[in-house]
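> sequence first, predicted model second:
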Amino acid sequence: MITLTGVRKDYNSDVVIGPVDLKIPKGGVTALVGPNGAGKSTLLTMAGRLLGLDSGVIEIAGYDVARTDSKDLAKIVSILRQENHFVTRLTVRQLVAFGRFPHSKGRLTADDEEVVSRAIDFLGLGDLEDRYLDQLSGGQRQRAYVAMVLSQDTEYILLDEPLNNLDMRHSVQMMQHLRRAAEELERTIVIVLHDINFAGHYADRICAVKDGAAVEFGTPDEILTDEVLTRVFDTPVTVIEGPKGPLAVYY
Amino acid sequence: MAAVTRTPRARNKGRLFDGKLLVGIAVVGALLVLSLFVGVYDVFGAEDGDEMFAITRIPRTIALVLAGAAMAMSGLVMQLLTQNRFVEPTTTGTTEWAGLGLLTVMLLVPGASLTTRMVGAVVAAFIGTMVFFLFLRRVTLRSSLIVPIIGIMLGAVVSSVSTFVALQTDMLQNLGVWFAGSFTSVLRGQYEMLWIVALVAVAVFLIADRFTVAGLGEEISTNVGLNYNRIILVGTGLIAIATGVVTVVVGNLPFLGLIVPNVVSMFRGDDLRSNLPWVCLLGVGIVTVCDLIGRTVIMPFEVPVSLVLGIVGAVVFVLLLLRQRRRG
């Protein structure tokens, strides 16, 4: 479980995130949705201890992220931000192997190699593992990053807009991979999504964030309604019954 | 994860020693032997040839190895820490700071020992590099060219301070001699401090993986539980020691840290640990070739090696820029 209690981040007198109280249960995929600048990424980044809190407490699996040693936390939670530009020329396999760093400190054992191989296969990157990242397409590179956090073998995985810059096919593939990771590997995945329909279809739970506050939390059926979405996104939204479940129409 | 039976795959870490590396070692070894026997003094014919050989040629060759490897390695570590391919001690002001430190020590402690001078240079190099890093943190636009431009500007400011101080204290000529990297004055009894950089090389090798992780950025580093700020501090310390020592003993060796890591990365990618031998080797090779050129073009006189390096380095730098632009 990820518990946020009275979490606050003050950017300046105008922009304040929080105070947020939120409980994200263990297991499944939880999507954070909301308008731009609502604070979704900020909350996720704070949970992943990449950003400090101004007040409040975030606990993951009972560990206070602000107090727990970063080394230990790296075995419990992994976080991937949306922008990853590396000047370092690494192969896919080398990158994924860095996910093992918390466990092996860089000197990989045979077990580590095995975990790395499995993570690569899980995301269908077997044929590309010796390619350099700069030789891959955007979708392949994104998969390589996710493979890296998977090989970190943490119970909790936080992903900040992993569908950013992906086309339709790659977005769907990525969400399918993440669903499988949640189901087959029993990971708890928290993900910031822009597309409410992706969240509706692939997430188990949706948390709507608006103006720095978690305003709604529930199953896709509870969140995907005209009233809730119109209120959260400040734009008229109609939810219709699509061929594969509810579909938000906002144009 | 789903159990997948498969044949064991290639291991991540490239093998440290393979055929190519041995060939490389042989080539650089041959260059070094050549370096031992090139010079105006006839070490075979003259009566005291043996002694001269021991006093100048051997120290000079060892110095080439140590300084070449140290500067190439410093460049590599710095590029990882700043996540920028165009950074190295001479494009970040580190060398200039080392020079200022050296000058300060010379002024404050007349007749300072080599050790004292070195400490001054190392401390100044460390402070200067930290200033550069702190400055970088404030700059949001960390595009590939802004970073070295900031570094070069910072270096220019520091170097003009040095020049001003030297002017005021009548030390301008000394300053010129120190800054022009040259192995001419490397003699027995004056170069031994350079062995310190061998220790730095060992340290870099031991924590190579951490530097590679740091090269992926602060967020990825934190994510895998690496103390990013500490590794920056350690890295800066190692760079400062290497640069400070080399600056005091040899002088400025421009572009070496820039071209070597880039060339190695082009061919081998960026697995730091298996790359380090290559980076050191290529650094040694280039310095040796440039020193040999410097020694022979206007025989019986010498051109400072920094001059030759500057020309070679500038050409490679431009090529790298063009290549990057083509790649987009």
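Here it is on my side, so go on.
> so residue 117, which state does it fall into?
Answering for chain A, as no chain was given. Following DSSP: H, G, I helix; E, B strand; the rest coil, we place A:Ser117 in the helix state.
> and the helices in chain A?
Taking DSSP state H as the criterion, chain A contains helices spanning A:40-47, A:70-73, A:92-97, A:101-104, A:110-122, A:138-151, A:168-184, A:196-202, A:220-223, A:226-233.
> oh, that last question was meant for the stretch 201-328 of chain B, not what I typed.
Using DSSP state H, counting those that start in this stretch, the helices found in the stretch 201-328 of chain B span residues B:208-214, B:218-223, B:228-249, B:256-268, B:272-296, B:305-327.
> who does the first one touch, helix- and strand-wise?
Of the remaining helices and strands, those touching helix B:208-214 by 3 or more CB pairs under 8 Å, 6 or more residues apart in numbering or on different chains; DSSP states H and E are helix B:58-82, helix B:218-223, helix B:228-249, helix B:272-296. All C-beta atoms are positioned from the backbone trio N, CA, C, and that covers glycine.
> ok, now the third one?
Helices and strands touching helix B:228-249, as assessed by 3+ CB pairs under 8 Å, 6+ apart, comprise helix B:58-82, helix B:94-108, helix B:114-138, helix B:195-206, helix B:208-214, helix B:218-223.
> so which of the helices of chain A gets nearest A:Val20?
Of all those, the one in closest proximity to A:Val20, counting by CB to CB, is helix A:40-47 (6.4 Å).
> hang on, the earlier thing: output the helices of the stretch 201-328 of chain B in JSON lines; the columns should cover distance to A:Asp121.
Listed next are the helices of the stretch 201-328 of chain B as JSON lines, based on distance: least, CB to CB, whole Å:
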{"stretch": "helix B:208-214", "distance to A:Asp121": "23"}
{"stretch": "helix B:218-223", "distance to A:Asp121": "22"}
{"stretch": "helix B:228-249", "distance to A:Asp121": "30"}
{"stretch": "helix B:256-268", "distance to A:Asp121": "25"}
{"stretch": "helix B:272-296", "distance to A:Asp121": "24"}
{"stretch": "helix B:305-327", "distance to A:Asp121": "30"}
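> mean neighbour count added to those, as a markdown table?
A markdown table is the format used below for the helices of the stretch 201-328 of chain B (neighbours: other CB atoms under 10 Å in any protein chain shown):
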| stretch | mean neighbour count |
| --- | --- |
| helix B:208-214 | 23 |
| helix B:218-223 | 22 |
| helix B:228-249 | 23 |
| helix B:256-268 | 23 |
| helix B:272-296 | 23 |
| helix B:305-327 | 16 |
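> make TSV from the ones you listed and add mean pLDDT to it.
Below are the helices of the stretch 201-328 of chain B laid out as TSV (pLDDT from 0 to 100):
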stretch	mean pLDDT
helix B:208-214	88
helix B:218-223	90
helix B:228-249	89
helix B:256-268	86
helix B:272-296	88
helix B:305-327	78
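> export the helices and strands packed on helix B:228-249 to a markdown table and tack on distance to B:Gly176?
A markdown table is the format used below for the helices and strands packed on helix B:228-249 (distance: least, CB to CB, whole Å):
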| stretch | distance to B:Gly176 |
| --- | --- |
| helix B:58-82 | 19 |
| helix B:94-108 | 11 |
| helix B:114-138 | 17 |
| helix B:195-206 | 24 |
| helix B:208-214 | 35 |
| helix B:218-223 | 40 |
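> ok, back up a step: winner for burial among the helices of chain A?
Among the helices of chain A, ranked by average contacts under mean count of other CB atoms under 10 Å in any protein chain shown, first place goes to helix A:92-97 (a mean of 26).
> checking B:Gly189 next. Helix, strand or coil?
coil.
> ramachandran angles for it?
Backbone torsions for B:Gly189, taken as degrees, to the nearest 10, come to phi 90, psi -10.
> that one: neighbour count?
Applying other CB atoms under 10 Å in any protein chain shown, we find 8 residues neighbouring B:Gly189.
> that one and B:Glu47, how far apart?
Noted for B:Gly189: a distance of 22 Å to B:Glu47, by CB to CB, to the nearest Å.
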